[in-house]
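# Any chance you could fold what I've pasted below:
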Amino acid sequence: MADYKKLLDDAYKEIKPIKSSISRFEIPEIRSSVQGNKTIFSNFLQVASYLRRKPEHLEKFLEKELAAKGKIEGDRLVFIKKITLNSLSEKIKIYVEKYVLCKECKKPDTEIVKQDDFQFIHCLACGAKHSIAKI
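Here you go, the predicted model:
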């Protein structure tokens, strides 16, 4: 019986503590650089993929929010405007709040669903459905 308790104690030491569902979701680090009058968001497709959103949807949101024309080139998004890393990060946080996180359970396990002329965020975790504004 003592061996069992020792094994059990050792197992508990190996287990990592469970984090809340909100803290498990972190936006990937944004990599951008300014070259002349252009800003290159080099890991754009990685961020869009992590957020589980179409790159075109995220691109359109960022173009509107930053008032800058952009173009997807390979894995990156190139804006024809100088944009600071801080403002790009802030706009992505706003995008996550509006178009990724569930309003009910705050989990990122959502998808954008179209019905007729309306768009909704459907939460795969709790089943909630909320309308969202078109971009």
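# in which helix or strand would I find Lys82?
According to DSSP states H and E, Lys82 maps onto no helix or strand at all.
# Leaving out sequence neighbours, find the closest residue to it.
For Lys82, ignoring the flanking residues on the chain, the nearest one in space by C-beta to C-beta, 6 or more residues apart in numbering is Val34 at 5.3 Å. The C-beta positions use only the backbone N, C-alpha and C, and glycine is treated the same way.
# contacting residues around the one you found?
Going by C-beta atoms under 8 Å, 6 or more residues apart in numbering, Val34 touches Ile40, Lys82, Ile83.
# and stretch 111-128, what's its mean pLDDT?
For stretch 111-128, the mean pLDDT works out to 91.
# If you count neighbours, what's buried in it?
By neighbour count with 16 or more other C-beta atoms under 10 Å, stretch 111-128 contains the buried residues Gln119, Phe120, Ile121, Cys123, Ala128.
# Of those, just say which sits nearest to Arg53.
Arg53 lies nearest to Ile121 out of the buried residues of stretch 111-128, by C-beta to C-beta, at 10.6 Å.
# Following element in sequence after the strand or helix carrying Ser33, please.
Assigned by DSSP H and E, Ser33 belongs to strand 32-35. Following strand 32-35 in sequence order, the next helix or strand is strand 38-41 (DSSP H and E).
# now that following strand, how far from the chain's geometric center?
19 Å (C-alpha atoms, centre = their mean, to the nearest Å).
# Convert that strand to PDB, retaining C-alpha atoms only.
Only the C-alpha atoms of strand 38-41 are listed here, as PDB (Å, rounded to 0.1, in the frame of the first residue of the first chain):
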ATOM      1  CA  LYS A  38       5.100  49.500 -46.400                       C
ATOM      2  CA  THR A  39       4.400  47.400 -43.400                       C
ATOM      3  CA  ILE A  40       4.900  43.600 -43.700                       C
ATOM      4  CA  PHE A  41       2.900  41.400 -41.300                       C
END
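# Thank you kindly, that will do.
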